[in-house]
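Asks: pasting the sequence and the predicted coordinates here, then a few questions.
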Amino acid sequence: MVQVDISQLCGECNTWREGLRQLRDEFTKDNNLLQQAAGPTLSKEQLQDVEHLHNQFHIQLINIHDLKQSIKVHERKLSFEMATDNTQLTEETNADHESLFEQYQNLENTLGELRNEFQQFLDRAKN
């Protein structure tokens, strides 16, 4: 058993979920902006870019939702374990927490790359 501060872990979970909510909002807005940019004057290549970006936004919004739900389930598990044994979490729960943090960081990196790709598309579409 590993002794950790449950309030710290729950706080991290809340921070991650809030970050995911902000990312969801950002990428929902970007998807709407993409739809507005997809006009009849775009070239075939630009339309392919629009389709690719739209698909990526859709996939990443699903990934954001899924990770947010996993974090919520994990937070419930943390609370349950602490309610049944007020001082300790299992090593498995602690490992799950670390894994969720890695997933969060990986998703942030992926979304950063998508954000850059979208910005490049917008810059090319302006020209």
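Replies: Okay, I see it.

Asks: now the residue nearest the centre of the chain: how far from residue 106?
Replies: Residue closest to the mean C-alpha point of the chain, counted by CA atoms, centre = their mean, is residue 64 at 3.5 Å. The spacing between residue 64 and residue 106, counted by CB to CB, to the nearest Å, is 12 Å. Quick note: C-beta positions are derived from backbone N, CA and C, even for glycine.

Asks: residue 81 now?
Replies: Distance from residue 81 to residue 106, by CB to CB: 25 Å.

Asks: neighbour count: those two, which is higher?
Replies: Using other CB atoms under 10 Å as the criterion, residue 81 and residue 106 rank with residue 81 on top: 17 against 12.

Asks: and the pLDDT for residue 118?
Replies: In this model, residue 118 is scored at 96, pLDDT.

Asks: can you tell me the element residue 33 falls in?
Replies: Residue 33 belongs to helix 6-37 when assigned by DSSP states H and E.

Asks: just residue 92 next, same as before
Replies: helix 91-126.

Asks: list the contacts of stretch 72-82.
Replies: Applying CB atoms under 8 Å, 6 or more residues apart in numbering, the external contacts of stretch 72-82 come out as 6, 9-10, 13-14, 17, 88-90, 93, 96-97, 100.

Asks: how about the residue lying farthest from the centre of the chain, secondary structure?
Replies: Computed with CA atoms, centre = their mean, the maximum C-alpha offset from the centroid of the chain is found at residue 41, amounting to 32.7 Å. Classification of residue 41 by DSSP: H, G, I helix; E, B strand; the rest coil places it in coil.

Asks: give me phi/psi at it?
Replies: phi -90, psi 0 (degrees, to the nearest 10).

Asks: one step back: how distant is the one helix or strand the residue nearest to the centre of the chain maps to from the center of its chain?
Replies: In this structure, residue 64 sits in helix 44-84 according to DSSP H and E. Chain-centre distance of helix 44-84: 5 Å, with CA atoms, centre = their mean, to the nearest Å.

Asks: same deal with stretch 30-46?
Replies: Remark: stretch 30-46 is offset 24 Å from the chain centroid, using CA atoms, centre = their mean.

Asks: having no further points to raise, I will conclude here.
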